[in-house]
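K.L.:
just need the structure, nothing else, for what follows:
(chains A and B)
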Amino acid sequence: MNIEIKLAFNNLRKYWKRTLFTIISIILCSTLLFTTMLMVSSIKSGIDENFKANHNDYSFIIKNVSIEDIIKIKQKPYVEKIYIQENETQTPKELKESDNLANTDNMNIYIQYTDIRKTEEYSTEILKEIGISTIMMAQKCSFNENLLMIYGLIDIGITQEDNSLVCRARLNYSYFLNIMLILILVAFSILFIIILYNSFLITINERKKEYAILNSVGATEGQILKMLFTEIVIMGIIGIILGGVISSLCANIILNLLNHILTNTGYVFKLVLDIQYCIASILIIVINLYISALIPSVKASTASVIQGIRNNNEIKYKKKTSILQKILPIEGKLAIKNIKRNKNKYRVITILLIVCMTSYITISTYINYEKETAELVTEYDVDAKLTITSTNIDYQSILRNYEIQYNDKIEYIEYREMGPHILVEPTEALIPNNKVTTYEDGKVGIDMCIIGLDNETYKKYIQEVNAEEGDLIIYNNATTRLLNGKETKYIFSKPFKEGYDLKLSIVEKNLELIDEDLDLYIAKYEEIDDESLNKKIILTDKLVEGFKDVKIEQNPTIFVNREEYDKIEEELKNYSGWMTQVGDPTFVKVKCNNIVGFSNYIESFSQKLDDGLYEEYYSLDNQKKIMYIEIIHLILRVLIIAILIIGMISTINIISASLYERKQDFIILHSLGATKENINKILIFECLYMLIKALIISIILSIPIIYAIIKYMQNIIVTNQLLIPFGEIFVFLALIFFISITITIYSSKSIKNE
Amino acid sequence: MKIIRVENLSKIYGKNEAKVVALNHISFEVEEGEFIAIIGPSGSGKSTLLHTIAGLEKPTEGKVFFYDKNIYEMKKKELTILRRQKVGIIYQFYNLIPTLNVQENITLPIELDKKKVDKKKLEEIMKFLNIDNRRTHLPNELSGGQQQKVAIGRALIINPTIILADEPTGNLDSKSSNEIIQVLKKANQEYKQTIIIITHNMEIAKEADRIITMEDGKIV
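P.N.:
The predicted structure follows:
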């Protein structure tokens, strides 16, 4: 074995504590990098798998495509695969090479590209290729927005530019995601380099004399460098291997936590090792190691021999004494002088503290604001509403299939709704306001909503309001909405006065212009049906479960059972002037446990239909927001834990090295009468100085970031409170202080023996 | 033949108020096979002179010739190799490599030179220094005198043109000091080593062929 390698091994053994700390630092930094890459590859794979499993991994849908065009499209090099569908009721199946398309009719095709991020470009080319007209584009073409959104393409559609059709996303973040990943890796790399640079610098300082001796007996710079890099290679190999192993465990834990947050969404992430990402991570770590070791190694090989042998550092003489040094006791003075003497060493600890504190203050503030938006009061007690306008759609089997596929129990209420104009007698029963129409004969009328409930819901309702079977229940409320900047304000009022024996008739309202100059109209009505609503009427301010949203309706609502509703509708159809919509919609209100899963399921279903099914998700944004907050929280906790652990190891390393170097100082102090309490005080002062300095810098850095967060959030919520979690931040900072001081006192135990 | 020639050598440390003139225009020569002792009070510039001759500290002014070659015109690597092959240095505080044993410390310069160790020569030197029974011991397992002998062995193994010893007995008791001086004297006589030694001890200085006295950075 040649001398450089022999010396390298000897040094690693002799200075085993330093070696251990350095290896641990490499392991931690490697773990951070590897874990990030593992998470990215696992999440990417999980998303791809999820969409694949639901046959949803396509980007572009074109309906009614000829076989010739399908063949043309299939041959494109950027087309990964095509799903074909003969009609809307079929599940799309993958078009294989062996499939014979001859003698088949036009089909719907679902195209998957090799690179989803280039959907705009590829889809535009395909449109050009198969020559779809502007008129037909909306009917024939659509996109898988859920998948494209994940890949950063938001609101993609087809527009006309220079007489040709072009596919364009409103926002394209596809490369932004890559850039974000690169920025995160760069940030981690910088952290890696700072920590290891410092660790190597400590090592070099401790062995300054040895390098000087080697130089004096004839070791060249190259030989000393070779010795140092041998040590680094050995520590690096151990660190990278162990870092890789630990990162798989960490990534597994994080993925399990993520899966827990995303339960019921249909997403399940498994650990996926991508070789490319693995190699990239190793390369980054090796480069970082090299960069962090380079300067200290060159310093070691080129250091002054005489200074090294004498083991003295040039201490710059500074005449000025700071205010702190004037007011603090002797221990404080010594502490500050020491910190200023070893600025470079302590800089790492300070930087880590600043990063930790600033991240925690700003991100926890952001999360607090986001939580506030998620907790805004919603006017809904159901999760979604489906509007079915086509009689061909069997919504019950759709919902049953959903339950089976997603293993989610749902409750639903079917109802019908219409909005006729109602003549009310006696006139005094209706409180005059701008919703009330006064007719030329003095009678009054108001727009109302009639809702036909299913039997079960109707029975529940009449029980609640002490009504009887066949009664009309009027929810006596009309709401006026006022938009006050970004806030919507509701004003509730009761249109009907209590204590009247109401008679209601369905009429058609007409407004006749009587004076064009004065823009004067006279209201007239034509009676349509005065029998159907001729029942006992119950006025109430209660709403049956599932219909909380009726509270914000502008008009009062009549609730009847479905049978009565159908009778009323039949009656109205006889009236020639009654505009009955083709395919009177059926409404279904849905309550489920997994609104995200439900929305994905319904979206994929309605995309396959021409029309006939429309959906509104009341709790979806909230749910997504809550999930998003929990994910950010998870990332924050992981990052903070990682930085804290790395910080603690580095701090122990730096403090123990510093104490070793200052052994002589402490011995002298002890010989002059300084007790261990005095020495502890010096160390605590040093610790406090760094912590307070880091805290002040963190606060200064956090202020503009928090200001930006508040400004951004003002677009979403209106609040007069400052939603900074001071309590949480205080606890976190106290914890950091406590850990730092504990480390300091624990490290000082080693010098007591000396 | 002149091995070392020092011409108008000056070394100044620091600036302004903190300026220290360690060497003040010194010139002298060293013949092959000479045993020279440099004496003088503390701070007279003895160690600085030795370090400058060894190529360890560049002078502010002046030249140092090693066989008519100005060592400070050489490249750093060339100078280091010269030191490795031609100059044996012995320090007051031994300065052994703590992770290498006695034998390894002695053979260090040879191994750095990527040459094969002459085992016969190694044995000869270890017997000469009376440390052959300690060959596998680490420096912290040796007495001061033994460590200094190892340092001398390290200097001798390369068959140097010159040995520079900076207070080699400064940290030793009188018995060990005597032993060390006898070893150096023997090396000078038997191996014809040129030796420059710095010492405070007049008794030791008297063993030398020539005494150079320094004061305030000058030869007096």
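K.L.:
okay, buried residues for the lengthiest helix in chain B please.
P.N.:
The residue-count maximum for a helix in chain B (DSSP state H) belongs to helix B:174-190. Across helix B:174-190, burial judged by 16 or more other Cβ atoms under 10 Å in any protein chain shown covers B:Ser176, B:Ser177, B:Glu179, B:Ile180, B:Ile181, B:Val183, B:Leu184, B:Ala187, B:Asn188. (C-beta placed from N, C-alpha, C; glycine too.)
K.L.:
same check on stretch A:82-91?
P.N.:
Buried, per 16+ other Cβ under 10 Å, within stretch A:82-91: A:Ile82, A:Tyr83, A:Ile84, A:Gln85.
K.L.:
can you give me how far that stretch is from the chain middle?
P.N.:
Distance of stretch A:82-91 from its chain centroid, counting by Cα atoms, centre = their mean, to the nearest Å, is 33 Å.
K.L.:
endpoint to endpoint, it covers what distance?
P.N.:
Stretch A:82-91 has an end-to-end distance of 13 Å (criterion: Cα to Cα, to the nearest Å).
K.L.:
which residues sit against that stretch?
P.N.:
Here stretch A:82-91 makes contact (Cβ atoms under 8 Å, 6 or more residues apart in numbering or on different chains) with A:55, A:58, A:70, A:73-74, A:92-95, A:99, A:104-105, A:107-112, A:608-610.
K.L.:
name the element the residue nearest in space to the middle of chain A belongs to?
P.N.:
In chain A, the centroid-proximal residue (Cα atoms, centre = their mean) is A:Tyr628; its distance is 3.3 Å. If you go by DSSP states H and E, A:Tyr628 is part of helix A:620-661.
K.L.:
what's the angle between the helix or strand following that helix and helix A:620-661?
P.N.:
Downstream of helix A:620-661, the first helix or strand assigned by DSSP H and E is helix A:663-671. Calculated by axes from the mean of the first three to the mean of the last three Cα atoms, to 10 degrees, helix A:663-671 forms an angle of 70 degrees with helix A:620-661.
K.L.:
what does the stretch 101-250 of chain A have sitting close to chain B?
P.N.:
A:209-210, A:213-223 (Cβ under 8 Å from any Cβ of the partner chain).
K.L.:
closest to chain B among those residues?
P.N.:
A:Gly218 (2.2 Å; Cβ to the nearest Cβ).
K.L.:
ok, the closest one touching B:Thr80?
P.N.:
Yes - at 5.7 Å, A:Gly218 counts as touching B:Thr80 under the criterion of Cβ atoms under 8 Å.
K.L.:
contacts for stretch A:159-172 next, please.
P.N.:
So stretch A:159-172 is contacted by A:60, A:119-121, A:123-124, A:127-128, A:132, A:134, A:137, A:143, A:148, A:152-158 (Cβ under 8 Å, 6+ apart).
K.L.:
cutoff 6 Å now
P.N.:
A:Glu120, A:Ser123, A:Thr124, A:Leu127, A:Thr134, A:Met137, A:Leu153, A:Ile154, A:Asp155, A:Ile156, A:Ile158 (Cβ atoms under 6 Å, 6 or more residues apart in numbering or on different chains).
K.L.:
return the closest of those with respect to A:Thr651.
P.N.:
A:Ile154 (43.5 Å; Cβ to Cβ).
K.L.:
quick check, pLDDT for that closest one.
P.N.:
Listed pLDDT for A:Ile154 reads 79.
K.L.:
with A:Asn622 instead?
P.N.:
pLDDT, A:Asn622: 68.
K.L.:
same question, the one 5 residues further on
P.N.:
Confidence per residue is given as pLDDT, and for A:Met627 that number is 73.
K.L.:
not counting its neighbours along the chain, what's nearest it?
P.N.:
Of all residues not flanking A:Met627 in the chain, A:Ile261 sits nearest, at 6.0 Å (Cβ to Cβ, 6 or more residues apart in numbering or on different chains).
K.L.:
roughly how far apart are A:Ile729 and chain B?
P.N.:
A:Ile729 sits 48 Å away from chain B, taking Cβ to the nearest Cβ, to the nearest Å as the criterion.
K.L.:
can you classify that residue as helix, strand or coil?
P.N.:
helix (DSSP: H, G, I helix; E, B strand; the rest coil).
K.L.:
the residue of chain B found nearest chain A: neighbouring residues, count only.
P.N.:
Residue nearest to chain A within chain B: B:Arg84 (2.2 Å; Cβ to the nearest Cβ). B:Arg84 is flanked by 23 other residues according to other Cβ atoms under 10 Å in any protein chain shown.
K.L.:
ditto for A:Val245
P.N.:
The burial count for A:Val245: 13, using other Cβ under 10 Å.
K.L.:
need phi/psi at A:Asp454.
P.N.:
Note on A:Asp454: backbone dihedrals following degrees, to the nearest 10 are phi -70, psi 160.
K.L.:
surely B:Leu138 meets B:Asn101?
P.N.:
Yes - if you go by Cβ atoms under 6 Å, B:Leu138 and B:Asn101 touch, sitting 5.5 Å apart.
K.L.:
picking that back up, just the buried members of the contacts of stretch A:159-172?
P.N.:
The buried subset of the contacts of stretch A:159-172 (16+ other Cβ under 10 Å) comprises A:Glu120, A:Ser123, A:Thr124, A:Leu127, A:Met137, A:Leu153, A:Ile156, A:Ile158.
K.L.:
pull the most distant pair out of the residues you listed.
P.N.:
The most widely separated members of the buried ones among the contacts of stretch A:159-172, counting by Cβ to Cβ, are A:Met137 and A:Leu153 (17.8 Å).
K.L.:
still on that earlier bit, pLDDT and secondary structure for the buried residues of stretch A:82-91 - can I get that in a markdown table?
P.N.:
Shown next, in a markdown table, are the buried residues of stretch A:82-91 (pLDDT from 0 to 100; DSSP: H, G, I helix; E, B strand; the rest coil):
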| residue | pLDDT | secondary structure |
| --- | --- | --- |
| A:Ile82 | 91 | strand |
| A:Tyr83 | 90 | strand |
| A:Ile84 | 88 | strand |
| A:Gln85 | 85 | strand |
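K.L.:
for B:Glu73, state which of the residues you listed is nearest.
P.N.:
The nearest one, if we look at the buried residues of stretch A:82-91 relative to B:Glu73 and count by Cβ to Cβ, is A:Ile82, at 77.3 Å.
K.L.:
confidence score at the nearest residue to that closest one once chain neighbours are set aside?
P.N.:
Leaving aside its chain neighbours, A:Ile82 sits nearest to A:Leu95 (4.5 Å; criterion: Cβ to Cβ, 6+ apart). Listed pLDDT for A:Leu95 reads 86.
K.L.:
number of residues surrounding A:Leu95?
P.N.:
So A:Leu95, with other Cβ under 10 Å, has 20 neighbours.
K.L.:
interface residues of chain A facing chain B?
P.N.:
Applying Cβ under 6 Å from any Cβ of the partner chain, one finds that chain A approaches chain B through A:Ile3, A:Asn10, A:Lys14, A:Ile213, A:Ser216, A:Val217, A:Gly218, A:Ala219, A:Thr220, A:Val305, A:Ile306.
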